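**Q** 3D model of this:
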Amino acid sequence: MLLCEVQHCKFKKYIDKILEKKVEKCLKSELFPQIRNSLVIK
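**A** Numbers count the residues shown, from 1 in each chain. As a prediction, this is how the structure comes out:
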């Protein structure tokens, strides 16, 4: 496996974890529609 592939894999896992935490927080604070809209824009 190439080094960049390994880094990409780690990066993807890292982003997945962050998104998971953000989604959890949003659901708890009921800001989910707002976050979803900002994700759609980006």
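**Q** Now do the longest helix along the chain, average pLDDT.
**A** For the chain, the longest helix by residue count, based on DSSP state H, is helix 3-29. Here helix 3-29 scores 84 as its mean pLDDT.
**Q** for stretch 33-42, same thing?
**A** Mean predicted lDDT for stretch 33-42 stands at 70.
**Q** before we move on, the earlier item: what is whichever helix or strand comes after the longest helix of the chain packed up against?
**A** Using DSSP states H and E, the helix or strand that follows helix 3-29 in sequence is helix 32-41. Helices and strands touching helix 32-41, by 3 or more C-beta pairs under 8 Å, 6 or more residues apart in numbering; DSSP states H and E, are helix 3-29. For the C-beta atoms, the positions are set from N, CA and C on the backbone; glycine is no exception.
**Q** about what we covered before: can you state the direction angle for the longest helix of the chain and helix 32-41?
**A** Interaxial angle, helix 3-29 versus helix 32-41 (axes from the mean of the first three to the mean of the last three C-alpha atoms, to 10 degrees): 150 degrees.
**Q** tell me the centre residue of the protein?
**A** Geometric centre of the chain, nearest residue: Leu19, 2.5 Å, by C-alpha atoms, centre = their mean.
**Q** For that one, give me its contacts.
**A** If a contact means C-beta atoms under 8 Å, 6 or more residues apart in numbering, then Leu19 has no contacts.
**Q** Restricting the selection to alpha carbons, write stretch 20-37 to CSV.
**A** The C-alpha trace of stretch 20-37 is given here as CSV (Å, rounded to 0.1, in the frame of the first residue of the first chain):
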residue,chain,number,x,y,z
GLU,A,20,-20.3,11.0,14.1
LYS,A,21,-19.6,13.2,17.2
LYS,A,22,-21.1,16.2,15.4
VAL,A,23,-24.2,14.4,14.4
GLU,A,24,-24.7,13.0,17.9
LYS,A,25,-24.3,16.5,19.4
CYS,A,26,-26.7,18.0,16.8
LEU,A,27,-29.3,15.4,17.5
LYS,A,28,-29.0,16.0,21.2
SER,A,29,-29.2,19.8,20.8
GLU,A,30,-31.9,19.5,18.0
LEU,A,31,-29.9,21.5,15.5
PHE,A,32,-29.8,18.7,13.0
PRO,A,33,-31.7,20.5,10.2
GLN,A,34,-29.4,23.5,10.4
ILE,A,35,-26.2,21.3,10.2
ARG,A,36,-27.7,19.3,7.4
ASN,A,37,-28.4,22.5,5.4
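**Q** Great, nothing more from me.
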